[in-house]
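>>> model the following, please.
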Amino acid sequence: MPVKVTTETFKKEVLESEVPVIVDFWAQWCRPCLMLAPVLEELESDMEGKVKIAKVNVDEEGYLANQFRVSSIPTVYLFENGQVKNQVIGLMRKEDLKRRLGL
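Sure thing, here's the model as predicted:
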């Protein structure tokens, strides 16, 4: 189950995570974001224990969106060991997302 991340929990949930974290920057009004949600949940299920999904609502967490220069949503980042490894913008199929993120 994806974890809702805030400015206050970002360090603990993402940067200090022992497994890679896929961070989904999204908004409730964004149709492609809503369509990506089940893709991410399926990916998390497929890779259970090997990856974590974190969701950042850009309307509620503008600081994080600005910090990571999110200008288009959905934007997905892959973090490993507290560092950004890859970034993908836009809606895509699970297989394409995995390939683009390097999973």
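>>> longest helix in this protein, by residue count?
Counting by DSSP state H, the longest helix found in the chain is helix 31-46.
>>> contact partners for the residue nearest in space to the middle of the chain?
The chain has Val23 as the residue nearest its centroid, 1.9 Å off, counting by CA atoms, centre = their mean. Residues near Val23 by CB atoms under 8 Å, 6 or more residues apart in numbering: 5, 14, 54-56, 76-79. (Each C-beta comes from the backbone N, C-alpha and C, glycine too.)
>>> try it again at 6 Å.
Contact analysis of Val23 by CB atoms under 6 Å, 6 or more residues apart in numbering lists 14, 54, 77.
>>> the last one touches Gln87, doesn't it?
I take that to be Tyr77. Yes: with contacts counted by CB atoms under 6 Å, Tyr77 reaches Gln87, the gap being 5.2 Å.
>>> those two: which is more packed in?
A count of neighbours by other CB atoms under 10 Å puts Tyr77 above the other of Tyr77 and Gln87, at 20 against 16.
>>> so that one belongs to a strand, correct?
Yes: assessed with DSSP: H, G, I helix; E, B strand; the rest coil, Tyr77 lies in a strand.
>>> list the beta-bridge partners for it.
Tyr77 has the following beta-bridge partners by DSSP bridges: Val23, Gln87.
>>> done for today, thanks.
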